[in-house]
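S.K.: Compute the structure for the input listed below.
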Amino acid sequence: MTTDVIRLNITLPKDVADSLNLMAGPRKRSRFIAEAITVRIENIRKEKLERDLAEGYSFAREESVSLSREFETVDLEGWDAF
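M.R.: Numbering: from 1, shown residues only. Model (predicted):
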């Protein structure tokens, strides 16, 4: 994490704030929240990358199948001799 910090005013449900105080302690809430948000952001980025890769692989597969079909007759030429 960076050493540059900004102050935010956030609103949380009471039960979430109570759990936060129990888990992190009142003097370590900011660090706990920053770490939790960082993990969530990393997960969202990872999920997006996985979706993008799956989409790219799908497109590449479709393109490969299309090219294979296009050149199928040429690929099979001369095989009758064997």
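S.K.: Near R31, how many residues? Count them for me, please.
M.R.: 12 (other Cβ atoms under 10 Å). For every residue, glycine as well, the C-beta is placed using N, CA and C.
S.K.: try L22
M.R.: Neighbours of L22 (other Cβ under 10 Å): 9.
S.K.: Now it: which helix or strand?
M.R.: Using DSSP states H and E, L22 falls within helix 14-24.
S.K.: Which secondary structure elements does the biggest helix by length in the chain sit against?
M.R.: For the chain, the longest helix by residue count, based on DSSP state H, is helix 29-70. The elements that helix 29-70 packs onto, with contact taken as 3 or more Cβ pairs under 8 Å, 6 or more residues apart in numbering; DSSP states H and E, are helix 14-24.
S.K.: Hey, what's the angle from the helix it packs on to helix 29-70? Just curious.
M.R.: 100 degrees (axes from the mean of the first three to the mean of the last three Cα atoms, to 10 degrees).
S.K.: what mean pLDDT does helix 14-24 have?
M.R.: The average pLDDT within helix 14-24 is 96.
S.K.: For stretch 17-28, buried residues please.
M.R.: By 16 or more other Cβ atoms under 10 Å, the buried positions in stretch 17-28 come out as 20, 24.
S.K.: and the longest helix of the chain, average pLDDT?
M.R.: Here the average pLDDT along helix 29-70 is 90.
S.K.: Following element in sequence after it, please.
M.R.: That would be, after helix 29-70 and using DSSP H and E, helix 72-76.
S.K.: what about that next one, distance to the chain center?
M.R.: 40 Å (Cα atoms, centre = their mean, to the nearest Å).
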